[in-house]
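**Student:** here you go, sequence then predicted model.
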Amino acid sequence: MNNKKEKNVILTTLEGVPGQTIMEHYGLVQGSTIRAKHIGKDIMASFKNIVGGELKGYTELLQESRKEALERMVEQATELGANAVVNIRFSTSSVAQGVAELFAYGTAVKVES
Amino acid sequence: MDALVQILFFVVLLILGYFWGRYFEKRHYKSILRREKKTLNIPIVNFGAKQSLIDVQEAALFAGSVVISIDYFKMISAAFRNLVGGRVTVYESLLDRGRREALLRMKEDAIKWGANQILNVRLETATIGGSSGNNSGPGSIEVIAYGTGVK
Amino acid sequence: MKYIPKKIPEGINVTSRHPLLNFAYLLGTVVAVSIFIFVVLGFVAEWLVIRVSPETETQIGDMLVQPALDKEITDDKRIQYIEELLNSLLIPGETTRLPLQVHLINNDVINAAITVGGHVLVHTALLETVKSENELALVLGHELGHFQAHDPLKSLGRSLVFLTVSSILGVGMSQSGGLPKIIPLTSELTNLNYSRIQERAADIYGFNRVVKHYGHGGHSLDFFERLAKGESKLQKVSQYFLTHPLSQDRINDLNAEAAKQGWKMEEEVTPLPQWLHCSNMKPCEQAE
């Protein structure tokens, strides 16, 4: 997960982009995706629940979903004409049984070096 | 008869959960310790947002995440603990492993990119509902660590 | 600001207590507390429930017995015979707190039971299986023993306590990730053990009355002996989970009791009236 996105939007959790100055800012941009658990993965996971250990299926699923949330946020930012999103935060919340929302938000800015 | 079968089933799951759970945990800790030692030279800090930006070439977002499941033994121990009250010691190692694993994954990703430090790191933990379906018990946890790598 | 890499020591966030030790402590606490609760509450419930007035007991009994009377056979001479046999078992001067009512149930399961309110349920299959009056008398005496000891009422009281407590605990359980049925199981086992004590007492009572009635205990155990032959090994393993003791154990217990009291066990058999297994004690049709 890095900035090899379309149009090279810089993403950071800092309040600016190091080595560059913020010229303009366009307010908050958000990306979110809601995913349900996959039944096949769920069956595997219920076996894993007996012996413990990492649930690789879920890790991948959530990583993928989080990437999608991030991409949506970047899409919002590029629409606004930003070339960076700063102060990014993630959050996960379970909406219903077996359904989770993955959410990313940050501030869209235009930076220049 | 029914009760006997139920008890047997329960005991078998418990033993299975205990030994496999212990095995996975030991193996995981071993790997965590090894990788932590290897990556120790790259600092990760959770400051960086409220001070003047450091002078670097590039910055990028990195995230690492892991979903870890509890084993049956831990689940039962915690369920009993829920009735008795007090410190749920069996979950401590679970969350500890999850956090350290997530941090390591983020760190390793950033090192591959060439980061020399990771700033403003945030950690978040979420529970993924129990996979047994009918309850929302802590079946497994997801830990995500994210921060800005700079070089 | 210079970064100095340092390793964080282990075991600060994770308690080093052995998980098995922790588990043993938790299991022990939960089991001990649930046994304590069920024993104490069980006895409180019993203490209250045997103070129920006979009128109330009749009302409760009528209500509870209703579903069992689906296949009741009425207007049958066998009922009268069983009633007479039952009353003859009472020693002179002994009374039941409520008049006993015999119900004959058309059922293929070999069984007899007594409920709250003095309803004696006798399955037709039992009448087809018994081979002498002595055998039938012991079964009826056993049920009589339950009634005289207030056992049906007590078990009703206990199950009410059991239901209440487990539904209260059930609230906590649903949140704790599918707690196994260890608490219901513990209390079930406690209750079963208790119920076997009641069964033994009822056996001794019934046997005592049979000996008083016939002057000896001979042939009354034949019925259990035939049952014992049919019991498989599997049942022996799970004996702890049966409410009734195994037939062989019951026979041994009763023989020991007879030896202790000096009761005679080798005497003539009292025959059953002919055609006891046939409706109205008339010869059954060939088709049967």
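**Tutor:** Looks like it came in fine. Not measured: the values here are computed from a predicted model.
**Student:** list the contacts for the nearest residue to C:Leu98 once chain neighbours are set aside?
**Tutor:** By the measure of CB to CB, 6 or more residues apart in numbering or on different chains, the closest residue to C:Leu98 outside its immediate chain neighbours is C:Gly118, 4.2 Å from it. The C-beta positions use only the backbone N, C-alpha and C, and glycine is treated the same way. When contacts are counted by CB atoms under 8 Å, 6 or more residues apart in numbering or on different chains, C:Gly118 touches C:58, C:61, C:96, C:98-101, C:147.
**Student:** from the centroid of chain A, which residue is nearest?
**Tutor:** Per CA atoms, centre = their mean, the C-alpha nearest to the average position across chain A is that of A:Leu70, at 3.2 Å.
**Student:** elements contacting the strand or helix carrying that one?
**Tutor:** Element membership for A:Leu70 (DSSP states H and E) is helix A:56-79. For helix A:56-79, the packing partners by 3 or more CB pairs under 8 Å, 6 or more residues apart in numbering or on different chains; DSSP states H and E come out as strand A:21-36, helix A:39-51, strand A:84-96, strand A:99-112, strand B:59-71, strand B:140-150.
**Student:** which parts of that helix are buried?
**Tutor:** A:57-59, A:61-63, A:65-70, A:72-74, A:76-78 (16 or more other CB atoms under 10 Å in any protein chain shown).
**Student:** hmm, who's touching that helix?
**Tutor:** By CB under 8 Å, 6+ apart, helix A:56-79 touches A:1, A:5-7, A:9, A:11, A:26, A:29-33, A:35, A:37-38, A:41, A:44-45, A:84-85, A:88, A:90, A:92, A:100, A:102-106, A:108, B:61, B:63, B:65-67, B:128, B:140, B:142, B:144.
**Student:** quick check: B:Leu123 is in a helix.
**Tutor:** No: counting by DSSP: H, G, I helix; E, B strand; the rest coil, B:Leu123 falls outside a helix, being strand.
**Student:** any idea what the closest residue to it other than its chain neighbours is bridged to?
**Tutor:** Excluding the flanking residues, the one nearest B:Leu123 by CB to CB, 6+ apart is B:Ala145, at 5.2 Å. With DSSP bridges applied, B:Ala145 shows beta-bridge pairing to B:Gly64, B:Leu123.
**Student:** verify the stated contact: B:Ala145 with B:Ile118.
**Tutor:** No: counting by CB atoms under 8 Å, B:Ala145 stays clear of B:Ile118, with 9.2 Å between them.
**Student:** quick one: is the helix or strand where B:Gly21 lies near chain A?
**Tutor:** Assigned by DSSP H and E, B:Gly21 belongs to helix B:2-38. Yes: residues of helix B:2-38 contacting chain A under CB under 8 Å from any CB of the partner chain: B:13, B:16-17, B:20-21, B:24-25, B:28.
**Student:** ranking the residues you listed by neighbours, who comes first?
**Tutor:** B:Gly21 (25 neighbours; other CB atoms under 10 Å in any protein chain shown).
**Student:** just the pLDDT for it.
**Tutor:** B:Gly21 carries a pLDDT score of 89 in this model.
**Student:** OK, contacts around it?
**Tutor:** B:Gly21 neighbours (CB under 8 Å, 6+ apart): A:51-53, B:70-74.
**Student:** buried members of those into PyMOL, please.
**Tutor:** Here is the PyMOL selection string for the buried members of the contacts of B:Gly21, based on 16+ other CB under 10 Å:
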select buried, (chain A and resi 51+52+53) or (chain B and resi 70+71+72+73+74)
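**Student:** near chain C, list only the ones from the contacts of B:Gly21.
**Tutor:** Answer for the contacts of B:Gly21 near chain C (CB under 8 Å from any CB): B:73-74.
**Student:** would TSV of the contacts of B:Gly21 with distance to B:Asp96 and pLDDT be doable?
**Tutor:** Formatted as TSV, the contacts of B:Gly21 follow (distance: CB to CB, whole Å; pLDDT from 0 to 100):
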residue	distance to B:Asp96	pLDDT
A:Val51	19	77
A:Gly52	14	79
A:Gly53	15	80
B:Ile70	13	83
B:Asp71	15	85
B:Tyr72	20	84
B:Phe73	17	88
B:Lys74	13	86
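**Student:** any shared contact partners between B:Ala145 and B:Ile118?
**Tutor:** Joint contacts of B:Ala145 and B:Ile118 (CB under 8 Å, 6+ apart) are B:Met106.
**Student:** which of the contacts of C:Gly118 fall within strands?
**Tutor:** When the contacts of C:Gly118 are checked against strands (DSSP state E), the matches are C:Gln101.
**Student:** now, among the contacts of C:Gly118, which is nearest to chain B?
**Tutor:** Lowest distance from chain B to those (CB to the nearest CB) belongs to C:Phe147, with 27.9 Å.
**Student:** test my guess that the closest one contacts C:Pro99.
**Tutor:** No: between C:Phe147 and C:Pro99 no contact is recorded; they are 11.2 Å apart, counting by CB under 8 Å.
**Student:** how near is the residue nearest to the centre of chain A to chain C?
**Tutor:** Per CB to the nearest CB, to the nearest Å, A:Leu70 is found 29 Å from chain C.
**Student:** quick one: contacts for A:Ala82?
**Tutor:** A:Ala82 neighbours (CB under 8 Å, 6+ apart): A:9, A:26, A:29, A:108-110.
**Student:** out of the residues you listed, who's the most crowded?
**Tutor:** Result: A:Val109 is most packed of these (other CB under 10 Å), 27 neighbours.
**Student:** how about that one: which residues does it bridge to?
**Tutor:** A:His25, A:Ala84.
**Student:** apart from its neighbours in sequence, what residue is nearest the residue of chain A found nearest chain B?
**Tutor:** When scored by CB to the nearest CB, chain A has A:Gly52 as its residue closest to chain B, at 3.0 Å. Spatial nearest neighbour of A:Gly52, excluding adjacent residues (CB to CB, 6+ apart): B:Asp71 at 3.0 Å.
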